[in-house]
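Undergrad: pasted the sequence and its predicted model underneath.
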Amino acid sequence: MTARAADRVRYDRATAPLDAPVAIVDLEAFDANADDLVRRAGGKPIRVASKSLRCRALLERVLSREGFAGVMSFTLAESLWLARSGFDDVLLAYPSADRRGFAELAADPKLAASVTVMIDDPAQLRLIDEARDGGREVVRVCLELDTSLKLLGGRVRVGARRSPLYSPAQVARMARVVARTPGFRLVGLMAYEGHIAGVGDAVAGRPVRSRAIRLMQATARRELARRRAEVVRAVRAVAPDLEFVNGGGTGSVQYTAAEDAVTEIAAGSGLYVPRLFDNYTSFRGRPAALFALPVVRRPGVGVVTVLGGGYPASGAAGRDRLPVPYLPEGLVYDPQEGPGEVQTPLLGAPADDLLLGDKVWFRHAKAGELCERFDVLHLVEGAEVTATVPTYRGEGHTFL
């Protein structure tokens, strides 16, 4: 029996009393992935990306482990909720226009001490000030650096379109704006290299593309390490008490941790290891988060139909954004239909061994987006469900 087949036996046994659709997290795999992230971080603390987990219980679990410290959140409303729930170091990774949230932040000493907001434009400071509604607390601020690789004089750009702050001079200028604006304190710098951390460099069946990605990423790592060090020096000249410099992502942990200028690493997807993180030469994680759909039809030989399944991930549309049938091994989508909102036909020899009500296990393309589909996660240890915990959705929160 293969390791994957053994996992299927465990998952089916653990969830036998539960009707599908159902979502699980394999805690042995989750903890092993956490250990691997810590090893790769080489002693630098890992700030956990809540977007990749979307479950308070699992955030608490990983933050209780040595090597993890702080949360990287994705909306201001989520940041305030986490701070009120006892998370005392929350970095909001994206700028916000949530005026009500900023009024709450500026009026509450505990929230103001626990939450750091992201900016990259003086207009964002003005928006926060206008939203204060009398609140006088100092707002902690982090600047974001654009990490994209620019070639041929900027005519070619590789990387996400995020911050407009690219050069050391631009970032230092923004730091001076914060320093002279009452009611704000610059405490951090963030630089997320998504084109390195979030792009697999070993694409199955695409050797030429994979080599091109590795070449691009090696070039990008060298350029960013040099520029990030210059940016940090320029910002520390303005704000010598800068508390943290955040960088990284699951796919680049060990490379970013090697930079002296970086004080902490961001990661989250590497705990669940969704399918988009299969294609890396630098690490191998264990799939920890899965969902199961029930067989509800047997249309013919070599075909079963499961309920639901149309759970595409965000990003540019493509087959890589679809969940992948995982267990039993050997099932594939019908190319004429793909995964559907209400039903999904699956093809392959294993279909003939499946009965109505049996579970087919899938892996989502991304990590935390799975939790937008399920109210709870069943935590599996061995062949047992040892706990059932709510996702953000299960606690009544869909922040985006």
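TA: Cool, the structure landed.
Undergrad: now the helices for this structure?
TA: 3-14, 27-41, 56-63, 76-84, 99-107, 109-114, 122-131, 168-179, 194-197, 207-238, 253-257, 269-272 (DSSP state H).
Undergrad: please name the nearest non-neighbouring residue to Ala390.
TA: For the record, residue 390 is Pro, not Ala. Among residues not flanking Pro390 along the chain, Val376 sits closest, at 5.6 Å (CB to CB, 6 or more residues apart in numbering). In this view, the C-beta of every residue, glycine as well, is placed from N, C-alpha and C.
Undergrad: I'd like to know which of the helices of the chain is closest to Arg140.
TA: helix 109-114 (7.0 Å; CB to CB).
Undergrad: contacts for the closest one next, please.
TA: Helix 109-114 is contacted by residues 80, 83-84, 87-90, 104-106, 137-140 when judged by CB atoms under 8 Å, 6 or more residues apart in numbering.
Undergrad: now Ser167: how far from Val235?
TA: 12 Å (CB to CB, to the nearest Å).
Undergrad: er, Ala32 actually
TA: Distance from Ala32 to Val235, by CB to CB: 37 Å.
Undergrad: hang on, the earlier thing: quick one, which of Ser167 and Val235 is more surrounded?
TA: Set Ser167 next to Val235 and count neighbours by other CB atoms under 10 Å: Val235 wins out with 24 against 14.
Undergrad: the more buried one reaches Gln170, doesn't it?
TA: No - counting by CB atoms under 8 Å, Val235 does not reach Gln170; the two are 10.8 Å apart.
Undergrad: check Gly153 and give its pLDDT.
TA: pLDDT, Gly153: 77.
Undergrad: and for Leu53?
TA: Leu53 is given a pLDDT of 98.
Undergrad: which among the contacts of helix 109-114 count as buried?
TA: 80, 83, 87, 89-90, 104-106, 137, 139-140 (16 or more other CB atoms under 10 Å).
Undergrad: center of this protein, which residue is that?
TA: In the chain, the C-alpha closest to the average C-alpha coordinate belongs to Ser52, at a distance of 3.3 Å (CA atoms, centre = their mean).
Undergrad: which residue, other than its chain neighbours, is closest to that residue?
TA: Here the residue nearest Ser52, using CB to CB, 6+ apart, is Gly268, at 2.9 Å.
Undergrad: what's the separation between the one you found and Val253?
TA: Taken as CB to CB, the span from Gly268 to Val253 is 11 Å.
Undergrad: settle it for me: which of those two has more neighbours?
TA: A direct count of neighbours by other CB under 10 Å for Gly268 and Val253 places Val253 higher, at 27 against 24.
Undergrad: and the residue nearest to Pro164 when sequence neighbours are not counted, what is it in contact with?
TA: Take Pro164 and drop its neighbours on the chain: the residue closest to it by CB to CB, 6+ apart is Asp120, 5.9 Å away. With contact taken as CB under 8 Å, 6+ apart, Asp120 is in contact with 95, 143-144, 162-165, 174.
Undergrad: are any of the residues you listed buried, and which?
TA: 95, 143-144, 162-163, 165, 174.
Undergrad: in the residues you listed, find the pair that's most separated.
TA: Arg162 and Met174 (14.0 Å).
Undergrad: CA atoms of the helix-or-strand element of the chain with minimal mean pLDDT as CSV?
TA: Least confident helix or strand of the chain, by mean pLDDT, DSSP states H and E, is helix 194-197 with a mean of 77. The C-alpha coordinates for helix 194-197 follow below in CSV (Å, rounded to 0.1, in the frame of the first residue of the first chain):
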residue,chain,number,x,y,z
GLY,A,194,5.6,36.8,-4.6
HIS,A,195,7.4,36.1,-7.9
ILE,A,196,10.0,34.1,-5.9
ALA,A,197,8.0,32.8,-3.0
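Undergrad: what's the closest non-adjacent residue to Met4?
TA: Actually, residue 4 is Arg. It isn't Met. Per CB to CB, 6+ apart, closest to Arg4 is Glu329, 5.8 Å.
Undergrad: contacts only, for the one you found.
TA: Applying CB under 8 Å, 6+ apart, the residues near Glu329 are 2, 4-5, 350.
Undergrad: drop anything exposed from the residues you listed.
TA: Going by neighbour count (16+ other CB under 10 Å), the contacts of Glu329 have Pro350 buried.
Undergrad: let's have the contacts of Glu329 in JSON lines, adding pLDDT and distance to Gly394.
TA: Below are the contacts of Glu329 laid out as JSON lines (pLDDT from 0 to 100; distance: CB to CB, whole Å):
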{"residue": "Thr2", "pLDDT": "91", "distance to Gly394": "33"}
{"residue": "Arg4", "pLDDT": "93", "distance to Gly394": "28"}
{"residue": "Ala5", "pLDDT": "93", "distance to Gly394": "31"}
{"residue": "Pro350", "pLDDT": "97", "distance to Gly394": "31"}
